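# Here is my input, please return the structure:
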Amino acid sequence: MPNIYLCFVWHMHQPFYKDLISGEYQLPWTRMHALKDYYGMVQILEDFPEVHQTFNLVPSMMVQIHEYATAQAQDPFLRLALKPAEELDEDEQAFILRYFFQAHPTRMIRRYPRYGELHDGWLAADRNPKRARHFFSAPTLRDLQVLSQLAWFDEEFQEKDEEVRQLVEKGRGYNFDDQALMGRKQIEIMQRVLPAYRKFADKGQIEVSTTPFYHPILPLLCDTNIASVGHPYVPLPNRFQYPGDAQHQLERAREYVVNEFDQAPAGLWPSEGSVSDEALHIAAKLGFKWAATDNGVLTRTIHRMADCYETYRPYLWRQDGDELRMIFRDHYLSDLVGFVYSRMNPYDAANHFLNRIRENSQCVLNAGRDALVPIILDGENAWEHYELNGRTFLKELYRRIQHHPHIHALTVSEALERVHAEPLGHIFPGSWINANFDVWLGAEEDNRAWDQLLTARRTYEQFMAGPEAKNLPEERRKLAWEELLIAEGSDWNWWYGPEHFSDNKPEFDRLFRSHLANVYRALGMQPPDELSRPILKVAAQEMHHEPTAPIQPKIDGDVTSYFEWMGAGVYEVDERSGAMHGQRFVIDRLLYGADRQNLYLRLDFEQPLTDARIHFNFQHQEFDVEIRGQELKVTGDGAAEVAYQKVLELKVPLHGIDAHPGDRVSLQLSVWQGALPLDAMPRDGWLRLDTAEPGEWPI
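So this is what the prediction gives:
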């Protein structure tokens with residue numbers, strides 16, 4: 001009787017959260033998923049030796065795990081989780097309250113009664129840190145510090161590690177020793193992740209496949225114009241066409257896996273299942289033996305619906321002397337695991353899953369051939385929606401598979417040895433989402449990100465071809481190149497555009513722009529001012545009051561008199577819902593006015609500035625004000641008179657910015673420290689400032 005070969009491919013991936021200049025990890029999710037998913041997902045196979053699987057490990061994720069395991073990672077989230085609660089200042093308390101409830105409310109928070117109580121207190125305070133301080137005393141905050149971390153510990157440790165189990169059972173009233181123990185256990189878990197994969201790979205129970213190093217969309221690196229094949233008339237950014245970068249990302253990934261596991265990966269899950277003929281040629285030439293994508297791509301490739309008969313078989317892509325075996329994921333079954341079974345009884349879910357596989361495979365088995373069933377999905381994010389992190393479901397599923405006479409869970413390479421591959425002479429360019437690239441290209445935000453990446457890539461290319469390159473230290477050249485590769489990753493554009501939402505979208509936006517700014521900084525160049533402004537359309541309530549009287553303030557950097565700025569216009573942002581973690585907004589408000597000859601500006605800051613650069617862009621003229629301790633320096637086109645003590649005051653001659661009395665002046669300003677943007681006003685677009693005296697504005 002023909003057999004069913006079930007190929008699980010668990011894709012393990014997190015974006016590269018580290019800022020290479022500061023050394024800080026801007027978000028904690030690689031660490032959190034390593035605690036909750038990466039170790040347990042492979043270790044569970046210890047009890048099911050006949051169940052073989054493929055784990056797709058992204059190298060940039062493994063780099064981060066290694067740094068955590070060797071205590072090299074600087075993570076402000078973990079640092080605050082371990083800081084004595086009595087020593088937390090108000091900003092740190094607010095940070096903890098905003099970010100330490102980012103977990104599934106039912107499956108993760110309310111699983112722990114005390115954590116649920118703390119969440120209720122946060123909600124009762126309308127998620128307002130100032131109001132919440134009445135409830136969150138130091139002992140209460142310490143409970144939050146500990147429980148927000150324990151909630152991410154894998155079932156393996158909650159059940160079998162005595163110290164972790166005691167922490168969980170204590171439940172509340174934690175002390176500083178408990179905090180320290182929680183921190184030590186995190187390092188212990190991180191240290192066990194990659195060795196667990198090596199152990200199971202060495203004994204042949206798992207196969208390790210990989211993805212381009214920083215998870216870029218390979219077809220788009222090769223040529224962004226290819227997006228118009230899957231979606232004709234999609235708005236395209238300026239053409240990005242660097243197939244050499246795609247090859248480098250794949251080469252680096254392959255080398256990393258060889259170094260980590262002492263063998264080259266046979267398999268490739270191209271980022272987001274994104275394929276094209278050009279990308280497959282690169283992969284085949286580098287030595288990959290198989291690649292995977294979605295059966296939606298198969299449908300568009302063969303010009304008919306890819307049903308189970310078409311999907312449950314491998315293919316041999318062969319073109320111009322290159323070849324790769326291809327498998328196409330069962331989109332429907334993979335999504336059942338990812339999105340549906342978490343709402344079911346785990347035993348019923350396991351039973352339903354195997355019944356559907358048997359039913360779907362029947363047409364293949366009836367034809368006398370074996371069925372290769374590819375189940376490919378995210379191996380981390382789904383489980384927080386399951387009871388007990390999905391472990392009950394997985395154990396029941398694996399138990400049934402192990403005891404079934406005709407269903408065998410194999411690695412992809414094992415299955416490919418047993419099932420004949422159908423020839424395929426071409427692949428339709430697309431991803432696992434709708435067989436196109438719309439998630440990463442086409443929307444205004446997406447295309448703006450691509451254009452900024454292209455500008456940085458061309459700048460690097462031109463710099464390296466010029467005479468200045470020979471004077472650039474090698475470590476700085478490598479840094480600029482590495483930052484470009486990171487910025488090519490798919491994760492930034494996953495959050496741009498209308499398709500997806502996360503509370504951390506602003507952090508992703510800032511991190512992407514920081515990586516690009518670091519390219520210029522490494523080359524000794526000033527980053528473009530546009531990198532100081534969010535690509536993300538952040539909802540922010542602006543308050544803009546027009547001037548009510550002419551002003552002539554004394555430019556001395558101090559508020560000499562309350563009356564000198566009376567009548568000035570005021571611009572400020574009341575509520576910046578796009579606040580990014582770890583970032584204090586620098587600019588409090590802008591005051592402005594005119595006297596028919598000069599435009600007067602005053603910037604009030606949240607904190608005193610001692611080392612910063614403020615860039616003023618008046619559309620036709622630009623200049624910088626550099627603050628170095630007590631010294632000020634104006635550079636650029638402006639002839640402004642400037643002073644800074646408590647506030648920054650400027651007198652800008654109208655003729656110096658190509659303006660006349662009564663004109664509306666367009667202004668953008670941004671604050672920089674080194675090459676990194678700290679703040680910008682406005683958050684998007686231009687400020688329109690009137691220089692007419694009140695009563696003279698045009699209707």
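
# quick one: low-confidence ranges for this protein?
Scanning the chain for pLDDT under 70 picks out 538-542, 562, 573-585, 638, 675-677, 683-685, 693-699.

# Domains in it, by residue range?
In the domain annotation for the chain, the residue ranges read 444-531, 540-690 (automatic domain parsing).

# from the ones you listed, which stretch is densest packed?
Ranked by mean neighbour count, the domains of the chain are led by domain 444-531 with a mean of 19 (mean count of other Cβ atoms under 10 Å). Heads up, the C-betas are built off the backbone N, CA and C, glycines and all.

# Distance from the chain centre to it, please.
Remark: domain 444-531 is offset 14 Å from the chain centroid, using Cα atoms, centre = their mean, to the nearest Å.

# what secondary structure does the closest residue in space to residue 645 that isn't next to it in sequence sit in?
Nearest-residue entry for residue 645: residue 557, 3.6 Å, with adjacent residues in sequence omitted and distances by Cβ to Cβ, 6 or more residues apart in numbering. When classified by DSSP: H, G, I helix; E, B strand; the rest coil, residue 557 comes out as coil.

# Relative to residue 634, how far out is residue 557?
Distance of residue 557 to residue 634, given as Cβ to Cβ, to the nearest Å: 14 Å.

# Please report the distance of the residue nearest to residue 645 from residue 142.
43 Å.

# And for residue 689?
49 Å.

# Residue 635 in helix, strand or coil?
Residue 635 ends up strand, using three-state DSSP.

# Who are the contact partners of it?
Taking Cβ atoms under 8 Å, 6 or more residues apart in numbering, we find residue 635 in contact with 623-624, 626.

# of all those, which comes closest to residue 313?
residue 624 (62.8 Å; Cβ to Cβ).

# in what helix or strand does the closest one lie?
strand 622-628 (DSSP states H and E).

# Can you list the strands that that strand pairs with?
With DSSP bridges as the test, strand 622-628 is paired with strand 611-617 (antiparallel), strand 631-636 (antiparallel).

# Go through the contacts of residue 635 and say which is closest to residue 251.
Nearest to residue 251 among the contacts of residue 635, with distances taken as Cβ to Cβ, is residue 624, at 40.7 Å.

# Spatially nearest residue to the closest one (excluding sequence neighbours)?
Distances taken as Cβ to Cβ, 6+ apart place residue 635 nearest to residue 624, at 4.9 Å, with adjacent residues excluded.

# and what of residue 560?
Per Cβ to Cβ, 6+ apart, closest to residue 560 is residue 554, 5.2 Å.

# now the helices for the stretch 301-450 of the chain?
Assigned by DSSP state H, counting those that start in this stretch, the helices in the stretch 301-450 of the chain fall at 308-311, 331-335, 346-366, 391-402, 412-416, 444-465.

# same thing with the stretch 551-699 of the chain?
With helices called from DSSP H, counting those that start in this stretch, the stretch 551-699 of the chain shows none.

# What ranges does it have for its strands?
Using DSSP state E, counting those that start in this stretch, the strands found in the stretch 551-699 of the chain span residues 569-576, 587-594, 598-605, 611-617, 622-628, 631-636, 641-644, 648-653, 664-673, 676-681, 687-690.

# how about those strands in CSV, adding distance to residue 135?
Putting the strands of the stretch 551-699 of the chain into CSV (distance: least, Cβ to Cβ, whole Å) gives the following:
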stretch, distance to residue 135
strand 569-576, 22
strand 587-594, 28
strand 598-605, 31
strand 611-617, 37
strand 622-628, 40
strand 631-636, 45
strand 641-644, 40
strand 648-653, 38
strand 664-673, 35
strand 676-681, 31
strand 687-690, 39
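
# and of the ones you listed, who's closest to residue 120?
Minimum separation from residue 120 across these (Cβ to Cβ) falls at strand 569-576, 23.9 Å.

# Okay, the nearest residue to residue 290 once chain neighbours are set aside and residue 498: tell me how far apart.
In this structure, residue 290 finds its nearest non-sequential neighbour in residue 325, 4.2 Å apart by Cβ to Cβ, 6+ apart. Using Cβ to Cβ, we find residue 325 at a distance of 36 Å from residue 498.

# same thing with residue 239?
Distance, residue 239 to residue 498, by Cβ to Cβ: 23 Å.

# Is it correct that residue 380 is in contact with residue 37?
Yes. Contact criterion Cβ atoms under 8 Å: residue 380 and residue 37 qualify, at 4.2 Å.

# Need the overlap of contacts for those two.
residue 12.

# pretty sure the residue nearest to residue 560 is touching residue 565, no?
No. Using Cβ under 8 Å, residue 554 makes no contact with residue 565, being 10.2 Å away.

# burial of residue 148, as a residue count?
For residue 148, the count of nearby residues is 25 (other Cβ atoms under 10 Å).

# which ones are touching it?
Going by Cβ under 8 Å, 6+ apart, the list of residues near residue 148 reads 81, 100-101, 103, 115.

# So which bits of the helix or strand hosting it are buried?
Assigned by DSSP H and E, residue 148 belongs to helix 138-150. By 16 or more other Cβ atoms under 10 Å, the buried positions in helix 138-150 come out as 140-150.

# Would you quantify the distance from residue 148 to residue 439?
Distance, residue 148 to residue 439, using Cβ to Cβ: 30 Å.

# for residue 217, that is, sorry about that
9 Å.

# what sits in contact with each of the two?
272, 431.

# Tell me which of the two has more neighbours.
Set side by side, residue 217 and residue 439 show more neighbours around residue 217, with 29 against 24, by other Cβ under 10 Å.

# Pretty sure that one sits against residue 275.
No. Taking contacts as Cβ under 8 Å, residue 217 lies outside contact range of residue 275: 10.0 Å.

# Next, show the common contact partners of the two.
By Cβ under 8 Å, 6+ apart, the residues touching both residue 217 and residue 275 are residue 431.

# Show me what counts as buried in stretch 16-28.
Neighbour counts over stretch 16-28 (16+ other Cβ under 10 Å) mark 16-21, 25-28 as buried.

# still on that earlier bit, nearest to residue 47, of the contacts of residue 148?
Nearest member of those to residue 47, counting by Cβ to Cβ, is residue 103, at 27.1 Å.

# What about that closest one, how many residues nearby?
Neighbours of residue 103 using other Cβ under 10 Å come to 21.
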